[in-house]
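Colleague: Output the structure for:
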Amino acid sequence: MKTADGDSVIPFVMFDWITGFLEESGYFGIFLLMALENIFPPIPSELIMPLAGYNAARGQINPVGAVAAGTIGSIVGALPWYFLGRVFGYRRLRQLAEKHGRWVTVSPDDLDKARKWFERHCGKMVLLGRLVPTIRTLISIPAGVAEMNFGRFILLTAIGTVIWTGALTALGYVLEDHYDLVGEYLDPVSTGIVIILAGTYLYRVITHGRGSRTSES
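Modeller: From the prediction side, this is the model:
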């Protein structure tokens, strides 16, 4: 993303391409980029939807249509991760924990407890997860592994996504020429979440099994 001072948050060539692509393709472009953002996020929704809001403020598209296109794209993009989790399944995940507990960073017992917890709170997790950068994409996997009801998954994903895309579109609509500020403020949040997740994973890999060894001694 290009700031007013010329500082580049994402490569300017990509930013320029996204701008031109959305201006030419309209609703289909919003749908396509939001679907891709959920499958493999090369382009953050924090840029796509504010830019769609900016185009709506200029009268190029309807803001309601932009939110609808972004929401449908996000739902379509969430499906591959959901079905991946469903196909892989809990049994395989448990076997993986038994054989490679250190790298999975959880034991089979931990998975059993996590599954019971997720089954009780999966609705809240999916709904709220769609409002958090980075987690938006990842939350579909445990929902699939837990075999969450497909209709319920779609409904909660849609509700959370409407809120997310609607808020970003509204910000872009209100800010107009300064719509890129949305990404500037949300980018550090996304980066922080990735760092926390990576740090937590490394810590669990390093400390795996220490508790059990201490209790045995």
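Colleague: contacts and neighbour counts: CA atoms only from here.
Modeller: OK.
Colleague: so where's the chain shaky on pLDDT?
Modeller: Within the chain, the segments meeting pLDDT under 70 span 1-15, 41-42, 96-111, 113-114, 177-217.
Colleague: what's the single longest helix in the protein?
Modeller: helix 63-99 (DSSP state H).
Colleague: Give me the packing partners of that helix, helices and strands only.
Modeller: Here helix 63-99 touches helix 12-39, helix 45-57, helix 108-129, helix 135-138, helix 140-145, helix 150-175, going by 3 or more CA pairs under 8 Å, 6 or more residues apart in numbering; DSSP states H and E.
Colleague: which of these sits most buried?
Modeller: Most buried of these, by mean neighbour count (mean count of other CA atoms under 10 Å): helix 45-57, with a mean of 27.
Colleague: what angle separates it from helix 63-99?
Modeller: Interaxial angle of helix 45-57 relative to helix 63-99 (axes from the mean of the first three to the mean of the last three CA atoms, to 10 degrees): 170 degrees.
Colleague: Next, the angle from helix 45-57 to helix 12-39.
Modeller: Calculated by the same axes, to 10 degrees, helix 45-57 forms an angle of 110 degrees with helix 12-39.
Colleague: Packing partners of helix 45-57?
Modeller: If you count contacts as 3+ CA pairs under 8 Å, 6+ apart, helix 45-57 packs onto helix 12-39, helix 63-99, helix 150-175, helix 180-207.
Colleague: picking up where we left off before, buried residues in the longest helix of the chain?
Modeller: By neighbour count on 16 or more other CA atoms under 10 Å, the buried set for helix 63-99 is 63, 66-83, 85-86, 89-90, 94, 96-97.
Colleague: Could you check the angle that helix makes with helix 150-175?
Modeller: For helix 63-99 against helix 150-175, the angle by the same axes, to 10 degrees is 130 degrees.
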